[in-house]
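Asker: Please work out how this folds:
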Amino acid sequence: MARDTTDDRPIEGMDELVSYLAGGCKPVKDWRIGTEHEKFPFYVDGNHPVPYEGSRGIRALLEGMQEMLGWNPILDEGHIIGLVEPTGQGAISLEPGGQFELSGAPLETLHQTCRESNAHLAQLREIAEPLGIRFLGLGASPKWRLSETPKMPKSRYEIMTAYMPKVGSHGLDMMYRTCTIQVNLDFSSEVDMRRKMQVGMRLQPLATALFANSPFTEGKVNGYKSWRAEIWRDTDNQRAGLLPFVFSENFSFADYVEWALDVPMYFVIRDDRYHDCTHVTFRQFMEGALRGVVPNVTPTIGDWANHLSTLFPDVRLKRFIEMRGADGGPWRRICALPAFWVGLLYDPAALDAVEEMTKGWSFEEVQALRDAVPKEGLSVRFRNHRLRDTAREVLAISRMGLANRGRKNSEGYDETGFLDPLDEVVARGTTSAEEMVAAFNTRWGGSIEPAFLEHAY
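Answerer: Numbers count the residues shown, from 1 in each chain. As a prediction, this is how the structure comes out:
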C-alpha cells in the first residue's frame, strides 16, 4: 500500500464495514489489473544495502524520481517516503528495509502492465545509476544480516517493528528482508468475490512454488526454495496465512469483516500522527477501548481501510483481491504473475474449469501443501501427483483464459506469451531457486556476489 488514508467519515455500525468491501464490486467492463513489485536497492560497489539518508541514499533516489515524473511526494513527519501519480494512478513506496515498490496503475491488459513495469525500471535506472545503485530481483535478501539492513522512516513501520517479535519468529525478516510480486484484481459481486478468493487460496501454494526465488540467507544456501514463504509461516498467524472460513461454500463479505474485527490493530492516525494501537482489536476500538488514549476516538472509514491494509492473508480482500504468494523475481516474472491469475480469474470458462478442478481441495490439504512448498517446491506430492503435474494443468487453464480474453497488442500477439516463463519452469521441473543453488555450487564458486550481477534490474 502506497499511503495510509485519512478518510474521516465516522463508522455508524457494522453494516458500513461490510458495505465498504461490497463497494468494490464492478461490472466486468471496468475490471482492471494492478501489479505491484518490490526489489532490493544495493550499491554496485560492494553490493551493500542502501540507507535512507545521504547524497546517494533512498531519499535522494525518491527525490530524483519525483523530479523526473512530477509525481506528488508522500510525507511522513517531513520525510519523503513515497510518490503518488497526481490522479492516483500508481505510486512508488518504500518497504521497511528500503525495498522499492511500484504499485502500478489499474490497467486493462497485460501488455500495458508489462510496458508500465519496463518504463518504471528504465526511469529508475536513469536516476539510480549515477548514484551507483542497482536493484536485485529476488524473493529474499541473500546476503545482509538483519542488523545490516537499513530502516526507513515510516511511522507505521516503527510500530510494526516493536510488535512483530511478540507474535511470531519471522516478522522482522518479513518486513526487512523479503520482496514480492503481487496482482490486484476486481470482482463483480459477492459470489464472484467468493469464487476468486477460494480459487486464489487453494492455488496460492502452487504460485509460491512456481515463483520460488529465495534460496539464500546471509550468503549461504538456506535449504529452502522459497525462504520468503517459510518466513510467512510464522510471522503473525493472527493476521496471516490461509483463512479456513474462506473455504466455506457460503463465504461472504461479512465473514471477512468478522475475522478482521478480531485481529489486533497496528495504529490509528490522528492529526497526521500515528498512535500505537496494537493492544486492541478493531472490534474493541469500535466498543470504545481507545477512549482517553487517542484524540478524536470515533472510528472512521479511514481507520477501517488502514486496518484492512495491515492484514496479511495469502489472499487479501479489500475493495479488490490481492494475490500475495509469489517471491520477487526478474522482469519476466513481473508480467507472468498477473498473467497467471488474470488467465484463471478473468475469463468465465477458465474460472469454471479451475474451480471445478480445485473445489474438492480442503483447507487441511491446502495447509499441508503450503507448509511443504517452501522446502520442496514443485516436487512436493499433492493428491498422489507431483505439484509439477498440477502446475501443468493449471497453466493450461490460465493460457486458455488469456486466449479467450483475446487482448492483442499492436503486433497482433495476445497475452498468452506472458506465461512462457512459467511453462519453462514446469518443463524443466526446476525452480529459479534450484538453478541459483546449482550456480552457487558450481560456477559461482560458493559466493553469493554473482547474484547481484545476474539477478539485478
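
Asker: can we go C-alpha only for contacts and neighbour counts from here?
Answerer: Will do.

Asker: Just the pLDDT at the residue lying closest to Gly168 once chain neighbours are set aside, thanks.
Answerer: In space, and not counting its chain neighbours, Gly168 is closest to Thr235: 4.7 Å by C-alpha to C-alpha, 6 or more residues apart in numbering. pLDDT, the model's per-residue confidence, is 98 for Thr235.

Asker: Kindly report the same for the one 10 residues further on.
Answerer: What the model reports as pLDDT for Phe245 is 98.

Asker: I figured the residue nearest to Gly168 hits Gly171, correct?
Answerer: Yes. With contacts counted by C-alpha atoms under 8 Å, Thr235 reaches Gly171, the gap being 4.3 Å.

Asker: which residues are common contacts for these two?
Answerer: Contact with both Thr235 and Gly171 is made by residues Met164, according to C-alpha atoms under 8 Å, 6 or more residues apart in numbering.

Asker: re earlier: from Tyr176, how far off is the residue nearest to Gly168?
Answerer: Noted for Thr235: a distance of 12 Å to Tyr176, by C-alpha to C-alpha, to the nearest Å.

Asker: And Ala207, by the same measure?
Answerer: 22 Å.

Asker: do you know how far Val44 is from Glu12?
Answerer: On the measure of C-alpha to C-alpha, Val44 and Glu12 end up 53 Å apart.

Asker: Of these two, give the one with the bigger neighbour count.
Answerer: When Val44 and Glu12 are compared on other C-alpha atoms under 10 Å, the one with more neighbours turns out to be Val44, at 17 against 13.

Asker: For the more buried one, give me its contacts.
Answerer: Val44 makes contact with 132-134 under the criterion C-alpha under 8 Å, 6+ apart.

Asker: looking at it, Ala60 is touching Gly54, isn't it?
Answerer: Yes. Taking contact to mean C-alpha under 8 Å, the distance of 7.3 Å between Ala60 and Gly54 places them in contact.

Asker: Settle it for me: which of those two has more neighbours?
Answerer: Per other C-alpha under 10 Å, whichever of Ala60 and Gly54 has more neighbours is Ala60, with 18 against 10.

Asker: For the more buried one, list the residues it contacts.
Answerer: 53-54 are the contacts of Ala60 under C-alpha under 8 Å, 6+ apart.

Asker: so which helix or strand takes in it?
Answerer: Counting by DSSP states H and E, the element that carries Ala60 is helix 58-69.

Asker: average pLDDT for that helix?
Answerer: Along helix 58-69, the predicted local confidence has a mean pLDDT of 98.

Asker: Check stretch 175-189 too.
Answerer: Throughout stretch 175-189, pLDDT has a mean value of 98.

Asker: Quick one: end-to-end length of that stretch, please.
Answerer: Stretch 175-189 has an end-to-end distance of 33 Å (C-alpha to C-alpha).

Asker: Likewise for stretch 15-34?
Answerer: Using C-alpha to C-alpha, the end-to-end distance of stretch 15-34 comes to 28 Å.

Asker: what does it rub up against?
Answerer: The contact list for stretch 15-34 (C-alpha under 8 Å, 6+ apart) reads 11, 103-110, 113, 183-190, 253-254, 257, 301, 304, 317-320, 338, 342.

Asker: make it 7 Å
Answerer: Residues external to stretch 15-34 that are found in contact with it (C-alpha atoms under 7 Å, 6 or more residues apart in numbering): 104-108, 183-189, 253-254, 257, 318-320.

Asker: which residue ranges form the helices in the stretch 101-250 of the chain?
Answerer: Listed in chain order, the helices found in the stretch 101-250 of the chain under DSSP state H, counting those that start in this stretch are 110-128, 155-163, 171-177, 190-210, 227-232.

Asker: returning to what we had before: separate out the buried members of the contacts of stretch 15-34.
Answerer: 104-107, 183-188, 253-254, 257, 318-320 (16 or more other C-alpha atoms under 10 Å).

Asker: Identify, out of the helices of the stretch 101-250 of the chain, the most deeply packed stretch.
Answerer: Each of the helices of the stretch 101-250 of the chain was assessed for mean neighbour count using mean count of other C-alpha atoms under 10 Å. The highest is helix 227-232, with a mean of 25.

Asker: Give me the residues contacting that one.
Answerer: Taking contacts as C-alpha under 7 Å, 6+ apart, the residues outside helix 227-232 that touch it are 139-140, 170, 173-174, 178, 214-215, 327, 374.

Asker: Could you rerun that using 8 Å?
Answerer: Contacts to helix 227-232, defined as C-alpha under 8 Å, 6+ apart, come from residues 139-140, 170-171, 173-174, 178-179, 208, 214-216, 224, 240-241, 325, 327, 371, 374-375.

Asker: Show me how to select, in ChimeraX, the buried members of those residues.
Answerer: When burial is assessed using 16+ other C-alpha under 10 Å, the buried subset of the contacts of helix 227-232 is captured in ChimeraX by this command:
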select :139,140,170,171,173,174,178,179,208,214,215,216,224,240,241,325,327,374,375
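
Asker: if we can go back for a sec, mind giving me CSV with the helices of the stretch 101-250 of the chain and columns for distance to Val28?
Answerer: Shown next, in CSV, are the helices of the stretch 101-250 of the chain (distance: least, C-alpha to C-alpha, whole Å):
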stretch, distance to Val28
helix 110-128, 16
helix 155-163, 35
helix 171-177, 35
helix 190-210, 11
helix 227-232, 32
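
Asker: what number of residues lie near the residue nearest to Gly168?
Answerer: When neighbours are counted by other C-alpha under 10 Å, Thr235 registers 24.

Asker: Quick check: it vs Val280, distance?
Answerer: The value you get for Thr235 to Val280, if C-alpha to C-alpha is used, is 19 Å.

Asker: In contact with Thr442, which residues?
Answerer: By C-alpha under 8 Å, 6+ apart, Thr442 has no neighbours at all.

Asker: do the same with Arg291
Answerer: Counting by C-alpha under 8 Å, 6+ apart, Arg291 makes contact with Val297.

Asker: Which helix or strand contains it?
Answerer: Assessed by DSSP H and E, Arg291 sits outside every helix and strand.

Asker: Flag the shaky bits of this structure, pLDDT-wise.
Answerer: Within the chain, the stretches falling below the threshold (pLDDT under 70) are 1-3.

Asker: Try it again at 50.
Answerer: Low-confidence segments of the chain (pLDDT under 50): 1-2.
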